Structures are given as structure tokens and as C-alpha cells.
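>>> I'd like to go over a predicted model; first the sequence, then the structure.
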Amino acid sequence: MTPGNLFVGLMSGTSIDGIDAVLVRIDGDSRGAFHWKLLAFHTTPYDEGSRKMILDAIENGTPEMLCRLDASLGEWFAAAAREVCEAGGVETGDLAAIGSHGQTVWHIPPTDTEPGATLQLGDAATLAERTGAAVISDFRSRDVAAGGHGAPLVPWLDQLLFSAVDLRRAIQNLGGMANVTWLPPTGSQEPVIAFDTGPGVALIDGAVQRATDGASPYDQDGGMALRGQVDEALLAGLLDDDYFRAPPPKSTGREHFGRVLLDRVATGLEPGEDEAAWCDLVATLTAFTAHSIAAAYRTWVLPRGLDEVFLVGGGANNPALVRAIEQELDTVPVKGGVELGVDPDAREALAFAFLAWAHLHGIAGNIPSVTGAEDLRVLGSMTPAGAMASGLKT
């Protein structure tokens, strides 16, 4: 049976701000030209209770907490899929598949002596039951099993959709963690390079939430960073991290740039007190993200040649962070992700819709030069459509 052409992609990232959902039509397969159209894009923000449940499970998770979160995420993802399908005027049962990244709760990169491991939650069976659609999930595990990092995976979509003739491009994602995709010109034999540059907005958001006792989830318009002064000594200490010296392929997460680090740099600061000190910390963490990105570019990206940079992800809406990156990368034009021709906030969810399409067509969805895997692999595991959708009853 030939797979249909309607796909939903779901993404909940390390910023833990909500669920991005896309509905896309993809016509064609790997044997020739394909055509696609984004039919709908919808973001479901997490309420404070849901966000706290995810963070508690990541930071202090017991088996029971992780089990409950897995089931809850399945329900939340199903609701997001129904909403984006309603926006696009289709039924979930008409989908060829839903590509669900899940919520990363822990990620262990491989080392010279130990294989990696990665865990994304969001019960695929619940998602299939509630939508009547087949679900492709657990995309990262196959790459990890093949010796890779399982991340980043979105560069596969970047190469497919955003490579340009005669231009070397970088797409810089500013999510909870920051990652870059370097794209050689279309048709070039040069390999795609992509890796996590370090923290994105996770530390910035965490500091703002502590400073405001949870009243503000992020630094609105970069206001706190712009009012603060960078602590150069603290910044230098933050940048003296072995992660930044390690060559790609590499990946990271909240395990490295998360609560434990924030506890250390925020020692002595109390919520709602000494606003100036909190602003200084937010300014320093904003500079930390910008400097770590620029350092990665100087070492591993600029030597390959670079004509333009596109900023995507939630941090691209932070003027203080964007300005800091522009100042650090002053020799290269820095552009908004919208200039790629796709809503930049939809990029990651779109990638998992395409990876579901790739899974159904037997197309490899990893790039070994990016993840370090032994070879190309078809990614993801399938959970068949719910019984009611197929007309089966018990």
C-alpha cells in the first residue's frame, strides 16, 4: 500500500515552552522530484503545571514521575495533533503518519569508551489511540545504536530544503540548547556539518524565572539583559568548559547546561530581590550563549567558508541575544530565519513530519558526518494506527 501524503510533525524542545505542530502535504518519493506544502502550523504553550511536571521529571525524576509524564505527554501531543489538523481542515485519521520527536528527558553522548544513550518520552501508543493515525517516534535511538549522538537530526531537513546554489549557509537554532547546521552549496561533495554549540536560552530563561519567582518565563524583548552589565570574570569561567574544546560531532543538553550550572552561578541571589544583580546575571548568560556560538564558528564553521547565517528558534525573538550574536559574527551577514521561506518556528516540527515520511519510504534520515553514526539509517519506530481508525473492533 502506498503511503498517503498528509503528515503531522510534533516537537517539544529543550526550552520546554510548548508543543509545535505542523500539518504538511508531501508528494513524491526518493526516486524523483517531490513537492511539499505547509498546510498549518500551531503552537500549544505549556501551562505552568505541565511545564513544572516536565522539569521536575528531568531534574528529580523517579520511575513513577517518568511513567506519568510519558502518558501525559502522549495525551498532550495528541491534542496538539488534533488542533493542527483542525486548523488545516483534515481529520487525523486521514494522516499517513504523525512524526513525534517526544520530549527529551535525558541525553548521554557517546564517548571513546562508552556508547551513548538517549530518552524521549511521549507515549506513541496513546498518541495513536487518540488520533487514529500511525505514529513514527523514537527517532534518535537508531542513530545512537549505530554509534552516533542521535543529534542533531534537523540538519537532514536543512540539507533537503535550504541548501543554496553557490552559497555556504549556516542555520543557527536558538532553542533551549543552541545548534548550528553548516550547508555546503547544492551539489557539493563537501559533507554537511552540524552540532550543538552549547547553551541557547535554557540558562537565560531559567535565570529570568528565578528572578521573577516564576512570573516571567523568559527575557521579554531582552529587557533584563539590556539593563544588566556583563560580569567578564564569570563569563570567562563559563567559557572555560571542556565541551567547547571538543570537536564535532557533539551534542549536549540540560544535563550539562541546566539547573546544576544555574544553581552555581545564581548562588546568593533570591527571587524578587536585587533586580540589578539578576539583570547582570541574565546579561552574562546572554553573552555566554553568543560567545560560545561565535567561538564554535571561528573554530569549525568559518574555516569552511560562510556567506550567511540564519537565526531560528525562540531565542531569535530576543533582541539582546540577536544583537550579541551579530556583534560576535560581524564579518558575516546575520539574517532572520523567515528569509528561508519557512516560518522559522515551524522548522523543527517540520523536520519530524519529513522524517516520518522518510521512514515510510525507507529513506535514511541521519547524516553520519553530523551525528558520527557508522552509516546511514532509517530512523524511528512505527506504532500502527488505532483500531477504530482501521475499522477493526474487538
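Received, thanks.

>>> where along the stretch 1-150 of the chain do the helices fall?
Taking DSSP state H, counting those that start in this stretch, the helices of the stretch 1-150 of the chain run over residues 48-60, 63-88, 124-131, 139-145.

>>> Compute the inter-axis angle for the first one and helix 63-88.
Using axes from the mean of the first three to the mean of the last three C-alpha atoms, to 10 degrees, the direction of helix 48-60 lies 140 degrees away from that of helix 63-88.

>>> Summarise which helices and strands helix 48-60 is packed against.
Contacts defined by 3 or more C-beta pairs under 8 Å, 6 or more residues apart in numbering; DSSP states H and E place helix 48-60 against helix 63-88, strand 97-108. C-beta here means a position set from N, CA and C on the backbone, and glycine is covered the same way.

>>> Can you classify residue 182 as helix, strand or coil?
At residue 182, secondary structure determined by DSSP: H, G, I helix; E, B strand; the rest coil is strand.

>>> Please read the previous query as pertaining to residue 310.
strand.

>>> right, and residue 300 touches residue 193 too?
Yes: with contact defined as C-beta atoms under 8 Å, residue 300 counts as touching residue 193 (6.8 Å).

>>> any shared contact partners between these two?
residue 248 (C-beta atoms under 8 Å, 6 or more residues apart in numbering).

>>> Ok, which of the helices of the stretch 1-150 of the chain comes nearest residue 154?
helix 139-145 (10.5 Å; C-beta to C-beta).

>>> who touches the closest residue to residue 27 other than its chain neighbours in this structure?
Closest residue in space to residue 27, ignoring its immediate chain neighbours: residue 35 at 4.7 Å, by C-beta to C-beta, 6 or more residues apart in numbering. By C-beta under 8 Å, 6+ apart, the contact list for residue 35 reads 26, 27, 28.

>>> I'd like the distance from residue 35 to residue 367, if you could.
23 Å (C-beta to C-beta, to the nearest Å).

>>> so where's the stretch 251-394 of the chain shaky on pLDDT?
Residue ranges of the stretch 251-394 of the chain with pLDDT under 70: 387-394.

>>> which residue ranges form the helices in it?
Counting by DSSP H, counting those that start in this stretch, one finds helices in the stretch 251-394 of the chain at the ranges 259-265, 275-296, 319-328, 347-360, 368-371, 387-390.

>>> if we can go back for a sec, can you tell me which of the helices and strands packed on helix 48-60 is packed in deepest?
Among the helices and strands packed on helix 48-60, ranked by average contacts under mean count of other C-beta atoms under 10 Å, first place goes to strand 97-108 (a mean of 26).

>>> which other helices and strands contact it?
strand 6-12, helix 48-60, helix 63-88, strand 117-121, helix 124-131, strand 135-137, helix 347-360.

>>> Now do the second one, average pLDDT.
Mean pLDDT, helix 48-60: 92.

>>> and what of the third one?
For helix 63-88, mean pLDDT rounds to 97.

>>> which helices and strands does it pack with?
So helix 63-88, by 3+ C-beta pairs under 8 Å, 6+ apart, packs with strand 6-12, strand 18-27, strand 35-45, helix 48-60, strand 97-108, strand 117-121, helix 124-131.

>>> Sweet, I'm off.
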